[in-house]
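Engineer: Need a 3D model of the following:
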Amino acid sequence: MPLKSFIDIPADSDFPIQNLPYGIFRPHDGAARAGVAIGELILDLSVLEELGHFRDATEQRIFLSDSLNAFMALGRSAWTKTCAIL
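Structural biologist: Next up, the predicted model:
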């Protein structure tokens, strides 16, 4: 069964639910931080981290940073757990 999202994602989108690229973004009213693109939207990972959603994936607070280096250094196990949470 294909993955589905509650977010309306155009069929020709580069960022469907099967392809969630991490990146750094800067909102108009805040500092740069980590996010993941879903369709035409960005999910702010720092908000999920603040709410405790990544406790099982990482023991560090990594998504408030303006870099993904700490997250990448955690390795495949943490990446897999984080993806499962999303």
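
Engineer: CA atoms for contacts and neighbours, from now on please.
Structural biologist: OK.

Engineer: CA atoms only: put the longest strand seen in the chain into CSV for me.
Structural biologist: In the chain, taking DSSP state E as the definition, the longest strand is strand 33-38. Extracted in CSV, the C-alpha atoms of strand 33-38 (Å, rounded to 0.1, in the frame of the first residue of the first chain):
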residue,chain,number,x,y,z
ARG,A,33,16.6,25.7,11.7
ALA,A,34,16.0,22.2,10.4
GLY,A,35,12.9,21.3,8.4
VAL,A,36,11.7,18.7,6.0
ALA,A,37,9.9,19.5,2.8
ILE,A,38,6.5,17.9,2.2
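
Engineer: Looking only at the helix or strand following that strand, what residues are buried by neighbour count?
Structural biologist: Moving toward the C-terminus from strand 33-38, the next helix or strand (DSSP states H and E) is strand 41-44. Judged by neighbour count (16 or more other C-alpha atoms under 10 Å), strand 41-44 contains these buried residues: 42, 43, 44.
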